[in-house]
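Peer 1: the following comprises the amino acid sequence and a computationally predicted model.
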Amino acid sequence: MLPSIVLFASLVNLVSSAAVNNIRPLVIWHGMGDTYASSGMESFQSEVKEMYPGIFVHSIFIDEDPNVDQRASFYGNVNKQIVQVAQQLAEIPELSRGFDAIGFSQGGQFLRGYVERNNSPPVHNLITFGSQHMGVSSLPACNTWDLLCQVARRAANRGVYSEWAQENLVQAQFFRDPHRLSQYMESGSFLPDINNEVLLPSSRNLSYADNLASLNKLILVLFLQDKTVIPKESAWFGSEQPLEDITMDQASESHQTPMLGGVNTKDIIPMRLQNLYKEDWIGLRQLDERGRIDFVACQGEHMQIGDCWKDLVAEWVGGSLGAD
């Protein structure tokens, strides 16, 4: 009798192990001023693991030293960081069959950069919280006592499109001035590239659209009281535009895509009116026309997530590998 019980228990453990191994892993990328191993990031991982026992979660790092990793969120070359992260993810066996991904603040557009440029192993569902997909038109504010941030912000303000800033200051590499778009496209080293906003249309990378369109779901989360990301609608691929450049066609079509203010306020050009969407430079239109983009609004200031993440993680994380 005992051997049968032991055999049954072994079979149960084997089946349970197989089920656990079939849970799609999760990769997360922290935001500016945070680290991969901060208490907040570790707490988030713990809650996800409680929700999905056995799930594998990886927190992206630029350096295993948390202090150096934090500094890299202010200083460094984003393009090089994404190359490093792509290699990091490719070397983790648990991720080889693909994973879901969550990007917090700037980690969201960095993960999108990974999807467009690499995506091997592939991302299934991508959730971004308060990310700057269309950049920022004012550099993010710093906490009063955050000297690392203050120094980086002052340096970026002095010459955001200088070669040095575009090589060394993370914030400068997603600064998109609506009054200097030509300079942004000519000098910007990161965001213009992953948005395929280039001066010469022939230089657009067509693989970016193919890779982003391969996502099962793109969930874009905006914080309604966000005063850090300017404009906050960047989280929904919205951007500022000078009032004199607003056309009647754009005003009449604005109802077709989520907006938080009228066109006659501080003009926000929503996603579906962006050239990168209309001409599908990066695959957004393909995703949207298949119903694969969700626009989510959360109460609170920038990255005051509260419980807003729970329903999203319950719906779009923890699925079975190989399943939609």
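Peer 2: Arrived safely, thanks for sending. Numbers count the residues shown, from 1 in each chain.

Peer 1: okay, and the helix or strand of this structure with the least pLDDT?
Peer 2: Least confident element among the helices and strands of the chain, by mean pLDDT, DSSP states H and E: helix 248-253 (a mean of 42).

Peer 1: direction included, what does the next helix or strand after that helix pair up with?
Peer 2: Counting by DSSP states H and E, the element after helix 248-253 in chain order, helix or strand, is strand 268-269. Within its sheet, strand 268-269 is paired with strand 239-240 (antiparallel), according to DSSP bridges.

Peer 1: for the residue most central in space within the chain, helix, strand, or coil?
Peer 2: The centre of the chain sits closest to G108, judged by CA atoms, centre = their mean, with a distance of 1.3 Å. Classification of G108 using DSSP: H, G, I helix; E, B strand; the rest coil returns helix.

Peer 1: quick one: buried residues of the helix or strand in which K310 is found?
Peer 2: Secondary structure assigned from DSSP H and E places K310 in helix 308-316. Using 16 or more other CB atoms under 10 Å as the test for burial, helix 308-316 gives C308, W309, L312, V313, W316. In short, each C-beta sits where N, CA and C put it, glycine included.

Peer 1: can I get it in PDB, CA atoms only?
Peer 2: The C-alpha trace of helix 308-316 is given here as PDB (Å, rounded to 0.1, in the frame of the first residue of the first chain):
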ATOM      1  CA  CYS A 308      -4.300  49.600  -9.900                       C
ATOM      2  CA  TRP A 309      -1.900  47.000 -11.100                       C
ATOM      3  CA  LYS A 310      -3.700  44.000  -9.600                       C
ATOM      4  CA  ASP A 311      -6.500  43.600 -12.200                       C
ATOM      5  CA  LEU A 312      -4.000  44.100 -15.000                       C
ATOM      6  CA  VAL A 313      -1.600  41.500 -13.600                       C
ATOM      7  CA  ALA A 314      -4.500  39.100 -13.000                       C
ATOM      8  CA  GLU A 315      -5.600  39.400 -16.600                       C
ATOM      9  CA  TRP A 316      -2.300  39.700 -18.500                       C
END
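
Peer 1: how about the strands of the stretch 201-324 of the chain, start to end?
Peer 2: 217-223, 239-240, 268-269, 293-298 (DSSP state E, counting those that start in this stretch).

Peer 1: name the residues that touch the longest one?
Peer 2: This means strand 217-223. Contact with strand 217-223 is made by 124-131, 133, 212, 229, 232-233, 235-237, 260, 287, 292-304, 308, 312, 316, as judged by CB atoms under 8 Å, 6 or more residues apart in numbering.

Peer 1: among the residues you listed, name the buried ones.
Peer 2: 124-131, 133, 212, 229, 232-233, 235-237, 287, 292-293, 295-296, 298, 302-303, 308, 312, 316.

Peer 1: D177 touches S137, doesn't it?
Peer 2: Yes - with contact defined as CB atoms under 8 Å, D177 and S137 form a contacting pair (6.0 Å).

Peer 1: which of those two has more neighbours?
Peer 2: The neighbour comparison of D177 against S137 (other CB atoms under 10 Å) goes to S137, with 19 against 16.

Peer 1: go ahead and confirm the more buried one touches R180.
Peer 2: No - judged on CB under 8 Å, S137 makes no contact with R180 at a distance of 9.9 Å.

Peer 1: show me the shaky parts of the stretch 51-200 of the chain.
Peer 2: 139-141, 143-145, 152-158 (pLDDT under 70).

Peer 1: quick one, helices of it?
Peer 2: 66-72, 78-90, 106-117, 147-158, 163-168, 181-187, 191-194 (DSSP state H, counting those that start in this stretch).

Peer 1: near F174, how many other residues are there?
Peer 2: F174 has 27 nearby residues by other CB under 10 Å.

Peer 1: need the contact list for it.
Peer 2: V78, Q106, Q109, Q132, G135, V136, F190, L191.

Peer 1: try it again with 6 Å
Peer 2: Q132, G135, L191 (CB atoms under 6 Å, 6 or more residues apart in numbering).
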